[in-house]
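Visitor: Fold the following.
(one chain, ligands or ions: 2)
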Amino acid sequence: MTPAVQRGPDHLTLALPKGRILEEAVSLLSRAGLPLSLPERSRALRHEFPGVTVLELRNQDVPVYVDLGVADAGIVGKDVLVESGRAIYEPVDLRFAGCRLSLIREVGATGLIARVATKYPRSARAYLTSRGISAEVVRLSGNIELAALTGLADAVVDLVQTGSTLRANNLEEVEVLFHSSARLVVNRAALKLRRERLRPLIGRLRELTAVGVEDLQNP
Ligand SMILES: Nc1ncnc2c1ncn2[C@@H]1O[C@H](COP(=O)(O)OP(=O)(O)OP(=O)(O)O)[C@@H](O)[C@H]1O
Ligand SMILES: O=P(O)(O)OC[C@H]1O[C@H](OP(=O)(O)OP(=O)(O)O)[C@H](O)[C@@H]1O
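Guide: Ligands and ions are numbered 1, 2, ... in the order given. Down below sits the predicted model:
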(Lines give C-alpha, C1' and ligand atoms only; values in the text may rest on other atoms or scores of the structure.)
(Ligands and ions follow the chains in the order given, each with its own letter.)
Protein backbone atom coordinates (compact mmCIF):
# COMPACT_ATOMS: atom_id res chain seq x y z
CA MET A 1 0.00 0.00 0.00
CA THR A 2 1.15 3.52 -0.67
CA PRO A 3 1.92 5.09 2.74
CA ALA A 4 -0.56 7.82 3.71
CA VAL A 5 2.24 10.39 3.61
CA GLN A 6 2.88 9.59 -0.06
CA ARG A 7 -0.75 9.88 -1.13
CA GLY A 8 -2.14 13.09 -2.55
CA PRO A 9 -3.46 15.79 -0.21
CA ASP A 10 -7.01 14.92 -1.30
CA HIS A 11 -6.80 11.39 0.03
CA LEU A 12 -7.61 10.52 3.66
CA THR A 13 -6.46 7.40 5.50
CA LEU A 14 -8.54 6.65 8.61
CA ALA A 15 -7.77 4.25 11.46
CA LEU A 16 -10.90 2.70 12.97
CA PRO A 17 -11.02 0.06 15.71
CA LYS A 18 -12.95 -3.15 15.21
CA GLY A 19 -15.20 -3.96 18.16
CA ARG A 20 -17.90 -1.95 19.80
CA ILE A 21 -16.79 1.45 18.46
CA LEU A 22 -16.75 0.55 14.76
CA GLU A 23 -20.45 0.75 13.85
CA GLU A 24 -21.09 4.11 15.50
CA ALA A 25 -17.81 5.49 14.12
CA VAL A 26 -18.76 4.55 10.56
CA SER A 27 -22.27 5.96 11.02
CA LEU A 28 -20.94 9.26 12.42
CA LEU A 29 -18.33 9.62 9.66
CA SER A 30 -21.02 8.93 7.05
CA ARG A 31 -23.21 11.66 8.54
CA ALA A 32 -20.15 13.92 8.49
CA GLY A 33 -19.91 13.48 4.71
CA LEU A 34 -17.68 10.42 4.24
CA PRO A 35 -19.84 7.74 2.63
CA LEU A 36 -18.29 4.64 4.20
CA SER A 37 -19.95 1.26 4.43
CA LEU A 38 -17.84 -1.61 5.69
CA PRO A 39 -18.70 -5.11 4.44
CA GLU A 40 -20.21 -7.23 7.24
CA ARG A 41 -18.60 -10.60 6.77
CA SER A 42 -15.23 -9.77 5.34
CA ARG A 43 -11.70 -10.59 6.41
CA ALA A 44 -10.41 -7.56 4.54
CA LEU A 45 -8.49 -5.25 6.87
CA ARG A 46 -8.24 -2.31 4.49
CA HIS A 47 -11.24 -0.79 2.75
CA GLU A 48 -11.02 1.60 -0.19
CA PHE A 49 -13.65 4.28 -0.89
CA PRO A 50 -13.45 7.28 -3.22
CA GLY A 51 -10.87 9.53 -1.58
CA VAL A 52 -10.76 7.52 1.66
CA THR A 53 -8.94 4.40 2.87
CA VAL A 54 -10.14 2.77 6.11
CA LEU A 55 -7.71 0.65 8.14
CA GLU A 56 -9.46 -1.74 10.53
CA LEU A 57 -7.29 -2.10 13.65
CA ARG A 58 -7.28 -3.24 17.27
CA ASN A 59 -8.17 -0.34 19.59
CA GLN A 60 -4.65 -0.09 21.03
CA ASP A 61 -3.14 0.24 17.55
CA VAL A 62 -5.19 3.27 16.47
CA PRO A 63 -3.02 5.82 18.37
CA VAL A 64 0.12 4.20 16.96
CA TYR A 65 -1.03 4.41 13.32
CA VAL A 66 -2.18 8.03 13.75
CA ASP A 67 0.86 9.18 15.73
CA LEU A 68 3.27 7.65 13.21
CA GLY A 69 1.35 9.18 10.28
CA VAL A 70 0.34 5.98 8.51
CA ALA A 71 -3.24 7.09 9.19
CA ASP A 72 -4.19 10.78 8.96
CA ALA A 73 -6.93 10.47 11.57
CA GLY A 74 -8.73 7.87 13.63
CA ILE A 75 -11.38 7.19 16.21
CA VAL A 76 -10.53 5.66 19.57
CA GLY A 77 -11.66 5.62 23.20
CA LYS A 78 -10.10 8.20 25.51
CA ASP A 79 -9.14 5.28 27.79
CA VAL A 80 -6.99 3.74 25.07
CA LEU A 81 -5.58 7.14 24.12
CA VAL A 82 -4.50 7.91 27.70
CA GLU A 83 -3.05 4.44 28.07
CA SER A 84 -1.03 4.85 24.84
CA GLY A 85 0.91 7.72 26.43
CA ARG A 86 1.00 9.45 23.03
CA ALA A 87 0.29 13.18 22.85
CA ILE A 88 -1.98 13.11 19.79
CA TYR A 89 -4.16 16.02 18.68
CA GLU A 90 -7.67 15.17 19.82
CA PRO A 91 -10.00 17.81 18.34
CA VAL A 92 -13.44 16.24 18.86
CA ASP A 93 -15.15 14.43 21.73
CA LEU A 94 -17.55 12.24 19.76
CA ARG A 95 -19.75 11.59 22.81
CA PHE A 96 -20.39 7.89 22.33
CA ALA A 97 -18.90 4.76 23.95
CA GLY A 98 -19.17 6.58 27.25
CA CYS A 99 -17.72 4.76 30.24
CA ARG A 100 -15.32 5.33 33.12
CA LEU A 101 -12.06 3.74 34.23
CA SER A 102 -12.39 2.81 37.89
CA LEU A 103 -10.72 1.11 40.80
CA ILE A 104 -12.88 -1.89 41.67
CA ARG A 105 -12.90 -4.21 44.67
CA GLU A 106 -15.09 -6.92 46.16
CA VAL A 107 -17.99 -5.37 48.05
CA GLY A 108 -16.79 -4.47 51.57
CA ALA A 109 -13.09 -5.15 50.91
CA THR A 110 -10.90 -2.93 53.12
CA GLY A 111 -7.55 -4.78 53.24
CA LEU A 112 -4.25 -3.47 51.90
CA ILE A 113 -4.03 -3.18 48.11
CA ALA A 114 -0.80 -5.03 47.31
CA ARG A 115 -1.62 -6.18 43.76
CA VAL A 116 -3.82 -4.61 41.09
CA ALA A 117 -4.83 -6.34 37.84
CA THR A 118 -5.72 -4.35 34.74
CA LYS A 119 -5.65 -3.93 30.98
CA TYR A 120 -4.53 -0.32 31.67
CA PRO A 121 -1.17 -0.59 33.52
CA ARG A 122 0.00 2.95 32.72
CA SER A 123 -3.22 4.54 33.97
CA ALA A 124 -3.35 2.22 36.98
CA ARG A 125 0.26 3.03 37.99
CA ALA A 126 -0.31 6.78 37.62
CA TYR A 127 -3.42 6.53 39.80
CA LEU A 128 -1.76 4.37 42.48
CA THR A 129 1.23 6.72 42.62
CA SER A 130 -1.10 9.72 42.99
CA ARG A 131 -2.73 7.97 45.95
CA GLY A 132 0.57 6.91 47.53
CA ILE A 133 -0.24 3.21 47.09
CA SER A 134 2.79 1.07 46.22
CA ALA A 135 1.08 -1.94 44.69
CA GLU A 136 2.28 -4.39 42.05
CA VAL A 137 0.42 -3.92 38.76
CA VAL A 138 -0.37 -7.08 36.79
CA ARG A 139 -1.45 -6.79 33.18
CA LEU A 140 -4.35 -8.97 32.02
CA SER A 141 -6.16 -9.11 28.68
CA GLY A 142 -9.87 -9.46 29.44
CA ASN A 143 -12.56 -10.33 32.01
CA ILE A 144 -10.42 -8.29 34.39
CA GLU A 145 -12.98 -8.43 37.19
CA LEU A 146 -12.23 -12.15 37.67
CA ALA A 147 -8.87 -11.18 39.17
CA ALA A 148 -10.61 -9.53 42.14
CA LEU A 149 -13.02 -12.47 42.54
CA THR A 150 -10.33 -15.14 42.51
CA GLY A 151 -7.80 -13.37 44.74
CA LEU A 152 -5.32 -12.91 41.89
CA ALA A 153 -5.43 -9.23 42.84
CA ASP A 154 -6.72 -7.14 45.76
CA ALA A 155 -8.33 -4.69 43.33
CA VAL A 156 -8.69 -4.19 39.59
CA VAL A 157 -8.72 -1.13 37.36
CA ASP A 158 -11.29 -1.58 34.60
CA LEU A 159 -14.08 0.07 32.65
CA VAL A 160 -17.56 0.53 34.08
CA GLN A 161 -20.53 1.60 32.03
CA THR A 162 -23.91 0.34 33.27
CA GLY A 163 -22.39 -1.30 36.36
CA SER A 164 -24.07 -4.62 35.54
CA THR A 165 -20.76 -6.53 35.48
CA LEU A 166 -20.03 -5.20 38.98
CA ARG A 167 -23.48 -6.12 40.32
CA ALA A 168 -23.35 -9.60 38.79
CA ASN A 169 -20.03 -10.28 40.53
CA ASN A 170 -20.46 -8.66 43.97
CA LEU A 171 -17.95 -5.94 43.14
CA GLU A 172 -18.00 -2.19 43.82
CA GLU A 173 -16.43 0.90 42.35
CA VAL A 174 -14.07 2.43 44.89
CA GLU A 175 -12.97 5.44 42.83
CA VAL A 176 -13.28 6.74 39.27
CA LEU A 177 -9.85 7.37 37.67
CA PHE A 178 -11.34 9.24 34.68
CA HIS A 179 -14.28 9.30 32.29
CA SER A 180 -13.92 8.12 28.71
CA SER A 181 -15.73 8.51 25.38
CA ALA A 182 -14.77 8.03 21.73
CA ARG A 183 -12.48 10.74 20.33
CA LEU A 184 -11.40 11.86 16.87
CA VAL A 185 -7.59 11.87 16.79
CA VAL A 186 -5.61 13.59 14.04
CA ASN A 187 -1.97 13.45 12.99
CA ARG A 188 -0.52 16.97 13.27
CA ALA A 189 1.46 16.84 10.00
CA ALA A 190 -1.62 15.51 8.15
CA LEU A 191 -3.63 18.40 9.53
CA LYS A 192 -1.38 20.75 7.55
CA LEU A 193 -0.91 18.56 4.46
CA ARG A 194 -4.57 17.54 4.18
CA ARG A 195 -6.11 20.69 5.63
CA GLU A 196 -8.79 20.86 2.91
CA ARG A 197 -10.09 17.40 3.87
CA LEU A 198 -9.51 17.39 7.63
CA ARG A 199 -10.74 20.88 8.61
CA PRO A 200 -14.26 20.36 7.17
CA LEU A 201 -14.40 16.87 8.73
CA ILE A 202 -13.46 18.22 12.16
CA GLY A 203 -15.99 21.05 11.78
CA ARG A 204 -18.82 18.73 10.76
CA LEU A 205 -18.08 16.25 13.57
CA ARG A 206 -18.05 19.14 16.05
CA GLU A 207 -21.47 20.23 14.80
CA LEU A 208 -22.86 16.70 14.91
CA THR A 209 -21.66 16.09 18.46
CA ALA A 210 -22.15 19.61 19.87
CA VAL A 211 -23.80 19.80 23.27
CA GLY A 212 -27.05 21.75 22.84
CA VAL A 213 -27.96 24.69 25.11
CA GLU A 214 -30.55 22.48 26.84
CA ASP A 215 -27.89 19.85 27.56
CA LEU A 216 -25.68 22.50 29.14
CA GLN A 217 -28.58 23.68 31.31
CA ASN A 218 -29.42 20.10 32.36
CA PRO A 219 -26.06 18.34 32.46
N1 LIG B 1 -19.07 -1.53 28.59
C2 LIG B 1 -18.72 -0.50 27.82
N3 LIG B 1 -19.59 0.47 27.58
C4 LIG B 1 -19.27 1.53 26.80
N5 LIG B 1 -18.08 1.69 26.22
C6 LIG B 1 -17.19 0.75 26.44
C7 LIG B 1 -17.45 -0.38 27.24
N8 LIG B 1 -16.38 -1.16 27.25
C9 LIG B 1 -15.49 -0.52 26.48
N10 LIG B 1 -15.96 0.64 26.01
C11 LIG B 1 -15.29 1.63 25.14
O12 LIG B 1 -15.20 1.09 23.85
C13 LIG B 1 -13.84 0.88 23.49
C14 LIG B 1 -13.72 -0.39 22.70
O15 LIG B 1 -14.21 -1.46 23.47
P16 LIG B 1 -14.16 -2.96 22.90
O17 LIG B 1 -14.95 -3.78 23.87
O18 LIG B 1 -14.49 -2.97 21.46
O19 LIG B 1 -12.63 -3.24 23.03
P20 LIG B 1 -11.89 -4.50 23.60
O21 LIG B 1 -12.50 -5.73 23.01
O22 LIG B 1 -11.84 -4.36 25.09
O23 LIG B 1 -10.46 -4.19 23.01
P24 LIG B 1 -9.36 -5.10 22.44
O25 LIG B 1 -9.94 -6.48 22.23
O26 LIG B 1 -8.96 -4.44 21.16
O27 LIG B 1 -8.32 -5.08 23.51
C28 LIG B 1 -13.07 0.90 24.81
O29 LIG B 1 -11.74 1.30 24.61
C30 LIG B 1 -13.87 1.94 25.59
O31 LIG B 1 -13.51 3.24 25.20
O1 LIG C 1 -20.57 -1.69 33.43
P2 LIG C 1 -20.87 -2.62 32.30
O3 LIG C 1 -21.97 -2.10 31.41
O4 LIG C 1 -21.14 -4.02 32.77
O5 LIG C 1 -19.60 -2.66 31.33
C6 LIG C 1 -18.33 -2.92 31.83
C7 LIG C 1 -17.71 -4.13 31.21
O8 LIG C 1 -17.58 -3.91 29.78
C9 LIG C 1 -16.23 -4.16 29.41
O10 LIG C 1 -16.01 -5.50 29.15
P11 LIG C 1 -16.18 -6.19 27.74
O12 LIG C 1 -17.58 -6.67 27.61
O13 LIG C 1 -15.71 -5.29 26.65
O14 LIG C 1 -15.21 -7.45 27.88
P15 LIG C 1 -13.64 -7.53 28.21
O16 LIG C 1 -13.54 -7.65 29.69
O17 LIG C 1 -13.21 -8.76 27.53
O18 LIG C 1 -12.97 -6.28 27.69
C19 LIG C 1 -15.43 -3.81 30.67
O20 LIG C 1 -14.16 -4.43 30.65
C21 LIG C 1 -16.32 -4.32 31.78
O22 LIG C 1 -16.09 -5.68 32.08
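Visitor: Going by C-alpha atoms from here, please, whenever you check contacts or count neighbours.
Guide: OK.
Visitor: how is this protein carved up into domains?
Guide: With domains defined by automatic domain parsing, the chain comprises 4-97+181-217, 99-178.
Visitor: Just read off the phi/psi values of residue 100.
Guide: When quoted as degrees, to the nearest 10, the phi and psi of residue 100 stand at phi -140, psi 150.
Visitor: Repeat that for the one 10 residues further on.
Guide: Here is the backbone geometry of residue 110 (degrees, to the nearest 10): phi -130, psi -10.
Visitor: any idea of the pLDDT on it?
Guide: With respect to pLDDT, residue 110 scores 94.
Visitor: One more: the one 3 residues further on?
Guide: In the prediction, the pLDDT value recorded for residue 113 is 98.
Visitor: Give me the nearest residue to it, chain neighbours excluded.
Guide: Nearest non-adjacent residue to residue 113, counting by Cα to Cα, 6 or more residues apart in numbering: residue 154, 5.3 Å away.
Visitor: Can you get me a residue count around that neighbour?
Guide: 22 (other Cα atoms under 10 Å).
Visitor: Redo the domains of the chain as CSV? Include distance to ligand 2.
Guide: Output for the domains of the chain, formatted as CSV (distance: least, Cα to the nearest ligand atom, whole Å):
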stretch, distance to ligand 2
domain 4-97+181-217, 8
domain 99-178, 3
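Visitor: Out of those domains, which gets the lowest mean score?
Guide: The bottom spot among the domains of the chain, by mean pLDDT, belongs to domain 4-97+181-217, with a mean of 92.
Visitor: Could you pull out the buried residues of the lengthiest helix in the chain?
Guide: If you go by DSSP state H, the chain has its longest helix at helix 195-208. Residues of helix 195-208 classed as buried: 197-198, 201-202, 204-206 (neighbour count, 16 or more other Cα atoms under 10 Å).
Visitor: quick one on the thing from earlier: the residue nearest to residue 113 touches residue 114, doesn't it?
Guide: Yes - applying Cα atoms under 8 Å, one finds residue 154 in contact with residue 114, separated by 6.5 Å.
Visitor: wait, isn't residue 198 in contact with residue 191?
Guide: Yes - if you go by Cα under 8 Å, residue 198 and residue 191 touch, sitting 6.3 Å apart.
Visitor: With residue 115 as the reference, measure out to the spatially most central residue of the chain.
Guide: Centroid-nearest residue in the chain, with Cα atoms, centre = their mean: residue 77, separated by 1.4 Å. As judged by Cα to Cα, to the nearest Å, residue 77 and residue 115 stand 26 Å apart.
Visitor: repeat for residue 62
Guide: Counting by Cα to Cα - residue 62 and residue 115 are separated by 29 Å.
Visitor: Comparing these two, which residue is more hemmed in?
Guide: Of the pair residue 62 and residue 115, residue 62 is the one with more neighbours under other Cα under 10 Å, namely 26 against 18.
Visitor: So what does the residue nearest to residue 113 have for phi and psi?
Guide: Dihedral angles (degrees, to the nearest 10) for residue 154: phi -80, psi -20.
Visitor: Which residue is the nearest non-sequential neighbour of the residue lying farthest from the centre of the chain?
Guide: Distance from the centre of the chain peaks at residue 111, with 31.9 Å (Cα atoms, centre = their mean). Spatial nearest neighbour of residue 111, chain neighbours left out: residue 154 (7.9 Å); criterion: Cα to Cα, 6+ apart.
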